[in-house]
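Chemist: sequence first, then the predicted structure, then my questions.
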Amino acid sequence: MTDLPVLSILILLPAVGAVLTPFLRKDPIVRWFSLLVLFADFLLALWVLLNFDPNTAAMQFGEHRVWVPSLGISYRLGIDGISVWFVVLTSLLGWICVLASWWSISTRVKEFMTCLLAMQSLMIGVFCALDMILFYILWEAMLVPMYLIIGIWGGAKRVYAAFKFFLYTLAGSLLFLIGILLLYFGGGQTFDVLALMEVQYPFPLQIWVFLAFLVAFAVKIPMVPVHTWLPDAHVQAPTAGSIILAGVLLKMGAYGFLRFSLPMLPDASQYFAPMMIALSAVAIVYGGFLALAQSDIKKLIAYSSVSHMGFITLGLFTFDANGMSGAVIQMFNHGITTGALFLFVGIIYERTHSRDIAAYGGLIKVVPLFGILFAAFLLASMALPGLNGFIGELLVLAAAFGVSGWAGAAGVLGALVGAAYLLGVYRQMLLGEVKTPGDVFIWDLGRRELACAAPLLLFVVWFGLYPKPFLTILQPSLDHLMSQLNPTAVLP
Amino acid sequence: MDLTQITSSVLASGPEIIIILGACVALMLSLVPRPGQGALLAGLSLVMIGLAAAMSLTLAQNPQSAYGGMFVNDGFSTFFKMLLYLGTALTILISDRYLGTEDAAKGEYYVLLLFALSGAMIMVSGTDLLIIYVGLELQALSIYVLVGFLTTNTRSNEAALKYVILGAFSSGLFLFGLSLFYGLTGTTQLDVMGEALDKVDTSSPLLALSTLFLIVGLLFKVGAVPFHMWVPDIYEGAPSPVTGFMSTVGKVAAVAVILRLLVQDLAMLDPIWRSSVEVMAVLSLAVGSFAALVQTNIKRMLAYSSIAHGGFLLLGLLAGGSEGLASVMLYLLIFTVTNLGLFAVIVLINRGAGQGEKIQDFSGLAKSHPGVALMALVFLLSLAGIPPTGGFFAKFYVLVALVDAGFVLLAVLAVLFSAIAAWFYLRVIMLMYMEKNDQPAVFQVSPAIGWALIVTFIGTVLTGVLPAWFLGVSKAAATAGLG
């Protein structure tokens, strides 16, 4: 291993880029500069992945600096087999976002790229942070660039959507802050995440802190019934905003459960597991049926996210090794697949300025490359065997049946409904008689768009056919997490 | 009192004397109007403030009590004085431009600011209720005139009149409380009074009544609900830099007195005021946050926002101990910097004669002046308490103190109201960045305002990113105060 503060570089590289961008002169330079910075960040993340030791559950690439000593806050970074994948995912989607907004963002390009770079820095920071307050600061600060991305470059009702996004998430995370303080004064006397995992908190405190955390994470995921900001935000956000939202931001809620709620509050997690499973089941089915009813393609994918995120929380709260690993796999894969779907919706929207599913038809004949790739991502989202979505969903379903027949049944129903609406999109938009909204001329994918789609497709196929490298790195950390969960007390 | 005591006492009050001398010189100079006088007087005032600051820092090396125990120069008062200097200096930097725009450039302005500053300094250093009262009145009288400084503007006049009446009323309450305390203990000097009160039964109704009068008089100055009615009208009517001055310097001095009375010397009164201050803190948060939502005038909005911030300050007071005290002090520091930064932007947008004070006037600022808009963005986020700005750490430290002292419910209420308050700060950001404006604000940033903006911007970011030093300073000052 090396002495270089790799994670800090990973975090600060986009941040420095964000500071420099406003001083650049011309829009093309800004675009290329941002692309370069984020691509360099991606390469660095890949380097981290290649140098990652898969034999240990310990935090790697650790860094520690004193920050606010009198309050015990420090700048503490490190990644394990779980977070390393989210760092890779974030850095991958980062440069894809720049490419996806290459021409579609034509006003105030500088500000846009600054927001995108700042977002990237904060998101990678969230997955690396091992100090509660550092995590909280990065988590909160993220709201600002995202608010601007939705509010400035979004659709017609962008301001409303941006406000809703900001206030929902803010209200949730403020209680999270109180929860952190309760953990600190309840016995930890530290904000060090790893040290807090060692503390045995009394049950009543665990209950309260769990509820405080739940609000923050449930809003972010989003779980039913606090999901209503998501469709608005997704529909109004520009393509890059949707990709970041679906690809990374939603995962942060589940990551919060994984990193904080489960290991720090194991008893409360067990106690609330039935409720969490019920809520997840509701999200899966309800989100699925809502998606089925949509005529707006972006809204449809947004509701499908609610449903798919339900699988993730379902898996986490089964407290089963399979369910847990299924959930993490699903987190990563949902990021890839849904990011890709929003990318493709963005691509077609750039050409036609319509998101109405019924206005399209037979696209595969007009734009075959677009059609085939879009179909691949739809099928991956549907969890077709051989593509990346399958294994995660299968593991979660198996674990769900182990816990409760009803939860398993809800999962199967959700998967069926998912097939219905995704195949519905497939049939309506790609097959049948050729039509486009207003009969505008559309052209097939260009080189830039292929460059965005190719790495995503690679991951979809790779994880579908050969997920072993992924699991190898993941496994020690998951085993460690399972051991923290007190496996003797399994739910009835 | 022999000669050495007198000289050492005079020396101990050196900073106050420098400021008052400065005010007198400025008064003489302002009698002969000449071109460029504003800049001259502003420069003179800044130099005097710099001298006083240097002297305060020197005196803080060996804290001492002066004038027979009526005046003190400890770490606590030095911290607050530095805040007062900072707030006044920033006010001066943003004033010249405003007075020019409003066509009200007159020399007395700076004279009055310096007198108000000296009054605030005496409040902060006073350890005798009468001295504190004298400081309070000196400050209040100067601010009454400053509020009505736009003599041709009816709103300014109206605000001044309202402020005189209500201010005199609240000073009267304070004075009445003071006299009751004198009757109970036979002294106005705080340390002696504290000792005497230790023997008095705290459940006596007379003591409760006198405490009530004293606290209400001071909370009036802070603008805590239900004594907040004057705040919006007067903040709106006063000249913008004066509003900034009142919301920072005025508040700092009043809070310093509250802390000195309630947490330090008269701490035994705690059971008398605690429950009522709890209610007032929560009400301030609620009224401030909700009422600000519907405002259309930026100064009025900031008036309600400042009421809500006052609620946060009271929460720090309730948390108590050195942590609570330090959290209030850090909060005041960050609030002073951030709020005056925002007022600098308000002064820039102001077009004179009451034009340019609507929240709507911020529309399109990001297009016409991206740099200023970015700074305003940071100030607004800091006021809303969003990291990584200073405002986050200010709020965070208060929450730490609250949870540490076991007031979890108050902490939860505080964050819920913060979430509501975020809405109206966000609305201004929305206007700046997301609204189109056919006639966007167009202005030139003068060097003075430029400096004010740079200082406040760096301060706001620095207190958010590297708060350790500021926290250490507040904590040291708080501990010195409790000493």
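Modeler: Yep, it's here.
Chemist: wait, B:Val216 touches B:Phe227, no?
Modeler: Yes - look at B:Val216 against B:Phe227 with CB atoms under 8 Å: they come within range, at 6.5 Å. For glycine as for every other residue, the C-beta is placed from the backbone atoms N, C-alpha and C.
Chemist: need the overlap of contacts for those two.
Modeler: B:Ser170 (CB atoms under 8 Å, 6 or more residues apart in numbering or on different chains).
Chemist: the two: which is more packed in?
Modeler: Neighbours were counted for B:Val216 and for B:Phe227 using other CB atoms under 10 Å in any protein chain shown; B:Phe227 has more, 23 against 19.
Chemist: got a list of what the more buried one touches?
Modeler: With CB under 8 Å, 6+ apart, B:Phe227 has these contacts: B:Ser170, B:Val216, B:Leu219, B:Phe220.
Chemist: report the buried residues of the helix or strand harbouring A:Leu170.
Modeler: According to DSSP states H and E, A:Leu170 maps onto helix A:158-183. Going by neighbour count (16 or more other CB atoms under 10 Å in any protein chain shown), the buried part of helix A:158-183 is A:158-159, A:161-183.
Chemist: element containing residue 88, please.
Modeler: I'll assume chain A. If you go by DSSP H and E, A:Val88 is part of helix A:83-100.
Chemist: um, chain B though
Modeler: Judged by DSSP H and E, B:Thr88 forms part of helix B:75-102.
Chemist: hang on, the earlier thing: does anything pack onto the helix holding A:Leu170? Which helices or strands?
Modeler: Applying 3 or more CB pairs under 8 Å, 6 or more residues apart in numbering or on different chains; DSSP states H and E, one finds that helix A:158-183 contacts helix A:132-141, helix A:143-153, helix A:203-220, helix A:229-236, helix B:390-404, helix B:408-434.
Chemist: mind listing what's buried in the third one?
Modeler: For helix A:203-220, the neighbour count (16+ other CB under 10 Å) marks A:205-210, A:212-220 as buried.
Chemist: can you tell me which of the helices and strands packed on helix A:158-183 is nearest to B:Tyr182?
Modeler: Ranking those by proximity to B:Tyr182 (CB to CB) places helix B:390-404 first, at 33.0 Å.
Chemist: rewinding a little: redo the helices and strands packed on helix A:158-183 as CSV? Include mean pLDDT and distance to B:Asn73.
Modeler: As requested, the helices and strands packed on helix A:158-183 are exported to CSV (pLDDT from 0 to 100; distance: least, CB to CB, whole Å):
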stretch, mean pLDDT, distance to B:Asn73
helix A:132-141, 93, 36
helix A:143-153, 92, 42
helix A:203-220, 92, 44
helix A:229-236, 90, 54
helix B:390-404, 93, 26
helix B:408-434, 92, 34
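Chemist: not counting sequence-adjacent ones, nearest residue to B:Met48?
Modeler: Sequence neighbours aside, B:Gly22 is the residue nearest to B:Met48 in space, at 3.2 Å (criterion: CB to CB, 6 or more residues apart in numbering or on different chains).
Chemist: can you pull the residues of chain B lying near chain A?
Modeler: B:366, B:370, B:381, B:386-388, B:392, B:396-397, B:399-400, B:403-404, B:408, B:411-412, B:415-416, B:418-419, B:422-423, B:426, B:429-430, B:433-434, B:467-468, B:471-472, B:475 (CB under 8 Å from any CB of the partner chain).
Chemist: many thanks, have a good one.
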